[in-house]
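> A structural model of the following input is requested.
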Amino acid sequence: MNILPSVPRAWLKPAFFLGTGLLLCPSLTAADMLAVAVGRGNIFSQGSNAVFLSYQKDAPTLFNQKSLYDLSLAHWNGRNYNTALTVARTLRWKLSPETYFAGTLGIGVVDRTTDHLGTTGQFVARLAFGRKFGKYDLSIGETHYSNGKTALQLNWHGPNTGEDFLTVMLAREF
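Next up, the predicted model:
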């Protein structure tokens, strides 16, 4: 069983060079944290595997909580395979000096419409519980992509069951 998704060939070289450059030269990118997450599809996305690469930058506090800007590239396989690019804002509520609960909300675009995503414009949401280990950060979370048709009560008749992934994320602070 292949647990990693197949990635479109056109993405391989740019993703490899971008990822390698970000990991080897974080001072050039000014990233505060780089992360990789892997996950399995659940709810309507069962049978899919996903990978997420995230560039995170400290942001001003929001609602008196630690905040991050997040730029992510994601890809998942399966019948409704897709690639997404998202920009989001994350809030972290500290539960103890090492543990936290995080909520992320953002917007993005996917490569193609599918049986689950009726538009290329999407919202992304992630809820996670995490723990810091020195410069490393480990979290488990649920990631959801949707065009917001139900929540925003949009009046159109395309599909919007969304895509959902239970993910494990490992990040490194710089």
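> from now on I want contacts and neighbour counts done on CA atoms only, so please keep to that.
Will do.
> hmm, who's touching the one helix or strand L68 maps to?
Assigning secondary structure by DSSP states H and E places L68 in strand 65-76. Under the criterion C-alpha atoms under 8 Å, 6 or more residues apart in numbering, residues 5-7, 48-61, 81-93 lie in contact with strand 65-76.
> pull out the buried positions in that strand.
Within strand 65-76, the residues that qualify as buried by neighbour count (16 or more other C-alpha atoms under 10 Å) are 66-76.
> could you do stretch 72-91 as well?
When neighbours are counted by 16+ other C-alpha under 10 Å, the buried residues of stretch 72-91 are found to be 72-77, 80-91.
> and that stretch, how far out from the chain middle?
Taking the mean C-alpha point of stretch 72-91 and that of its whole chain, the gap between them comes to 6 Å (C-alpha atoms, centre = their mean, to the nearest Å).
> L62 bridge partners, please.
Here L62 shows beta-bridge partners Q65, assigned using DSSP bridges.
> hmm, it is touching L91, no?
Yes: contact between L62 and L91 holds when scored by C-alpha atoms under 8 Å: they sit 7.2 Å apart.
> just confirm N147 contacts T113, I think it does.
No: applying C-alpha under 8 Å, one finds N147 not in contact with T113, separated by 10.8 Å.
> which one's more surrounded, the two?
For N147 versus T113, the count of surrounding residues by other C-alpha atoms under 10 Å is larger for N147: 24 against 16.
> so how far is F44 from that one?
Shown here: N147 relative to F44, a distance of 15 Å by C-alpha to C-alpha, to the nearest Å.
> over to I107?
The gap separating I107 from F44 is 20 Å, by C-alpha to C-alpha.
> one step back: need the residues touching each of N147 and T113.
Listed as contacting both N147 and T113 by C-alpha under 8 Å, 6+ apart are T119.
> show me where this structure has helices.
Along the chain, the segments classed as helices by DSSP state H run 9-24, 26-29.
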